[in-house]
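Engineer: curious how this folds, go ahead:
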Amino acid sequence: QQQQQQQQQQQQQQQQQRQGAAPLTPGFVPGPVARVVPHTTMTPMTNRSQYTPARPGAGPILPPPPPPPGHMMRQQQQQQQQQQQQQAEEAKEEPKLLPEAEWAAKHTDDVEVVILVPKDDSRGKWKFDGQRLSYKVPCTTKFADVKNKVTADIGIPRNKQKLKHAGVGFVKDNQTLALHNLAGVVEFELGVKERGRKRR
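Structural biologist: Predicted structure coming up:
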């Protein structure tokens, strides 16, 4: 019997060797198999003072969005309006006048000078009845000569007269119509020079 057992064990060992299994030791009882856990590398924690947790539900901080197209259009319109206003103001400025001789050479026709006399009953010695005096003179005529014509018509002395043009303002006796580039029909308001008050 012992020989038979030995032969059976030898046969079993031969079979196990063929199958690649380790030979069983007589009386060996296999124990539980140990589970090998793979090695993992632990990342060190960062310093809590440098870590700022994000608010719950808050996304990443993004730059402000560009202004909408409508806002850009309004800015462009405002700039265009400012440029138009500047151009209009420049256009309102007084144009450059031609030299007196050049103006006279281009305007050989007579100028109709209209004097608007005020209505003032207190000027009894002068005929201030609100009338219109009209004179046709060359553009080279001085305003002193125009005032002499007014004196001959309504009696006010030349040194008491003030002639005011809407665009030029008050004119001087030694100036001419050509100096101010006046032509066609020109109106002047007649005023009276008052004496200055004496100083106390």
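
Engineer: low-confidence regions, the chain specifically.
Structural biologist: Across the chain, the ranges flagged by pLDDT under 70 are 1, 16-71, 88-95, 196-200.

Engineer: can we see that at 80?
Structural biologist: 1-75, 84-95, 195-200 (pLDDT under 80).

Engineer: need the strands for it, in chain order.
Structural biologist: 111-116, 132-137, 161-165, 169-170, 185-192 (DSSP state E).

Engineer: with distance to Val146 and mean neighbour count added, can I get those in a markdown table?
Structural biologist: Yep, even glycine has a C-beta here, placed from its N, CA and C like the rest. Converted to a markdown table, the strands of the chain look like this (distance: least, C-beta to C-beta, whole Å; neighbours: other C-beta atoms under 10 Å):
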| stretch | distance to Val146 | mean neighbour count |
| --- | --- | --- |
| strand 111-116 | 6 | 18 |
| strand 132-137 | 6 | 14 |
| strand 161-165 | 7 | 17 |
| strand 169-170 | 13 | 10 |
| strand 185-192 | 8 | 16 |
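
Engineer: Glu100: what's it in contact with?
Structural biologist: Thr176, Ala178, Leu179 (C-beta atoms under 8 Å, 6 or more residues apart in numbering).

Engineer: touching, the second one and Lys142? I think so.
Structural biologist: No: because the distance of 10.0 Å does not satisfy C-beta atoms under 8 Å, Ala178 is recorded as not touching Lys142.
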